[in-house]
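Trainee: Kindly generate the corresponding structure for this input.
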Amino acid sequence: MMAIITLLLAISPFLFFRPKDFFQPEFFLNLYFIMLIGLGPLALSILRPDIYRQGNYSTVLSIIAIGFVCINFGFALQDIIHNKFKIVITGTLYRTVLSYKTWVSSRKKQVRFVGLGLACLSCLASAIYFLRAGQIPLFAADKESARVAALSISGNGYFLYIMTLGVFAPAFYYLPSVSASGKKAFKNPLFIAITTMLCCMLLFTGSRRYSIWLGIYLISIYHYLEVKVSIKKMMLFAVVGVVFVNVFEMVRNPNSDTTVDFMTTAGYRLIVYISNLEKVFTAFINHDPLYGATFFMDVATIMPGKQVDYQSWLKEIVGLEFEGFGIPPTVMGDMYINFGYPGVVLGCTLLGYLVKLIYRKKILQGKTGFGIIIYISSLEIFSKIITSGISAQSMSVLWMVMVYLSIYLFFRLLSPKSI
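Mentor: All right, here's what the predicted structure looks like:
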């Protein structure tokens, strides 16, 4: 019965919205949610029915369903408001936007300068990061411990933030090239060198998500600027990404019971977030809501002295001890901690509404290549919010706002022909 309900709930938004674009939030975020959270209860009931029966997983399943429905309600609400409260089948609204190239061609030197500048900053920060760590985590004997140790060094987290500029630096460098030469841009030696160097450097931290998103930025630009990539082809890329995530985890943490083989590793990825959500729900079920107090915990870590970050605080609350920084509670768990069930409903609805609004402004009505990168960055942040919550991503949001505001002012203050 659970399998049938899960299947019907999972496919319903795809049937209702009929998304035509892989990067459309109705497709991308729904797929992301289903793969990392939605399938969790079903996977756990099959793989570990004893654990499923012992915990509050049946209640947590309802929280997941509420979150999923409300995110999609947020998508629909933005469409309804945009269409002046008329219900329109949104699949008919999406068309390829062709107005980006004019902006890109008028600012080729500026855009490429931004790409090279971000790449240089990222490389400089990586050199400092690894020197302060005393090793490259990916090459250490115990890679997971080395990754944790590197980030535990006071101040290294700030250098990691600067390193992440390398995630979208190739996208800026690629923008003018794809406008002029399409697929030939991928053969540009300097572009290949920059992208390869940054990808390797980000992998050396022991984290896989940075290199994955680097690829997503590049594919999205090609998709919107040159040739629309079909959903079937993008699903193939997604499968490759899933395989990479699991294989990398097996390499990074080979001594764990959760990485003994590929199927075990993949199965663990399906249940880890639902398990975290259940632990958080159980710990806070009898607590008063915190009313947003956790939203500022990560931001407070920039203050002098020792402050615990949000996910590490949660790990202590639920009584877990493991190698790593903390547990991501999902957006449902984060909103439940702060505002209870009403927070889950309102928070998830707002998430869906905001990301759809950004998609409309930057993609459907966008006129600049810069807007494509802003939208993909919002997808990246909202994806992380879905799995870890608003509180855990407050610093990421603040950082991205600062970076993109600086780039916006750079484009705004300089004339198109300067540099």
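
Trainee: Measure how buried Ala76 is and give me the count.
Mentor: Neighbour count for Ala76, taken as other Cβ atoms under 10 Å: 20. The way it works is simple: take the backbone N, C-alpha and C, and place the C-beta from them, glycine included.

Trainee: Now name the helix or strand holding it.
Mentor: Using DSSP states H and E, Ala76 sits in helix 57-82.

Trainee: helices or strands up against that helix?
Mentor: Applying 3 or more Cβ pairs under 8 Å, 6 or more residues apart in numbering; DSSP states H and E, we find helix 57-82 packed against helix 2-17, helix 25-33, helix 40-47, helix 262-284, helix 330-359.

Trainee: Just the element for Ser141, please.
Mentor: No Ser there; residue 141 is Ala. Under the criterion of DSSP H and E, Ala141 resides outside all helices and strands.

Trainee: how about it, what does it touch?
Mentor: Ala141 is in contact with no residue at all, counting by Cβ atoms under 8 Å, 6 or more residues apart in numbering.

Trainee: Show me the helices in the stretch 51-200 of the chain, by range?
Mentor: 57-82, 100-106, 108-133, 143-152, 156-163, 165-181, 189-203 (DSSP state H, counting those that start in this stretch).

Trainee: Please write out the alpha-carbon positions of the helix or strand sitting right after the last one along the chain in CSV.
Mentor: Going back to what we said before, that points to helix 189-203. Using DSSP H and E, the helix or strand that follows helix 189-203 towards the C-terminus is helix 209-225. Listed next in CSV are the C-alpha coordinates belonging to helix 209-225 (Å, rounded to 0.1, in the frame of the first residue of the first chain):
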residue,chain,number,x,y,z
ARG,A,209,28.8,18.3,-4.5
TYR,A,210,31.0,21.2,-5.7
SER,A,211,32.2,19.4,-8.9
ILE,A,212,28.7,18.1,-9.6
TRP,A,213,27.2,21.6,-9.5
LEU,A,214,30.1,22.9,-11.6
GLY,A,215,28.9,20.6,-14.3
ILE,A,216,25.3,21.6,-13.8
TYR,A,217,26.1,25.3,-14.3
LEU,A,218,27.8,24.5,-17.6
ILE,A,219,25.1,22.2,-18.9
SER,A,220,22.4,24.7,-18.0
ILE,A,221,24.1,27.5,-20.0
TYR,A,222,24.5,25.3,-23.0
HIS,A,223,20.9,24.3,-22.6
TYR,A,224,19.5,27.8,-22.5
LEU,A,225,22.0,29.6,-24.8
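
Trainee: can you state the direction angle for helix 209-225 and helix 189-203?
Mentor: Angle, helix 209-225 to helix 189-203, by axes from the mean of the first three to the mean of the last three Cα atoms, to 10 degrees: 140 degrees.

Trainee: Could you point out the helix or strand that follows helix 209-225?
Mentor: Note on helix 209-225: by DSSP H and E, the next helix or strand toward the C-terminus is helix 231-252.

Trainee: buried set for that next one?
Mentor: Neighbour-count burial for helix 231-252 flags 231, 234, 238, 245-246, 248-250, 252 (criterion: 16 or more other Cβ atoms under 10 Å).

Trainee: got a list of contacts for that helix?
Mentor: 19-20, 22, 27, 31, 35, 138, 143-144, 147, 206, 208, 212, 215, 219, 259, 262, 265-266, 269.

Trainee: One more: stretch 48-66?
Mentor: The contact list for stretch 48-66, computed with Cβ under 8 Å, 6+ apart, reads 2, 9, 37-38, 40-41, 44-45, 271, 274, 277-278, 281-282, 285, 332, 336, 341, 344-345, 348.

Trainee: try 7 Å
Mentor: Outside of stretch 48-66, the residues within contact range by Cβ atoms under 7 Å, 6 or more residues apart in numbering are 9, 37-38, 41, 44-45, 274, 277-278, 281-282, 332, 336, 344-345.

Trainee: average pLDDT across that stretch?
Mentor: Averaging pLDDT along stretch 48-66 gives 88.

Trainee: One more: stretch 216-226?
Mentor: Averaging pLDDT along stretch 216-226 yields 90.

Trainee: Then stretch 381-389?
Mentor: 96.

Trainee: Which positions in it come out as buried?
Mentor: 381-389.

Trainee: Kindly reformat these as a markdown table and extend each row with secondary structure and distance to Thr59.
Mentor: As requested, the buried residues of stretch 381-389 are exported to a markdown table (DSSP: H, G, I helix; E, B strand; the rest coil; distance: Cβ to Cβ, whole Å):
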| residue | secondary structure | distance to Thr59 |
| --- | --- | --- |
| Ile381 | helix | 28 |
| Phe382 | helix | 25 |
| Ser383 | helix | 25 |
| Lys384 | helix | 25 |
| Ile385 | helix | 22 |
| Ile386 | helix | 20 |
| Thr387 | helix | 20 |
| Ser388 | helix | 21 |
| Gly389 | coil | 18 |
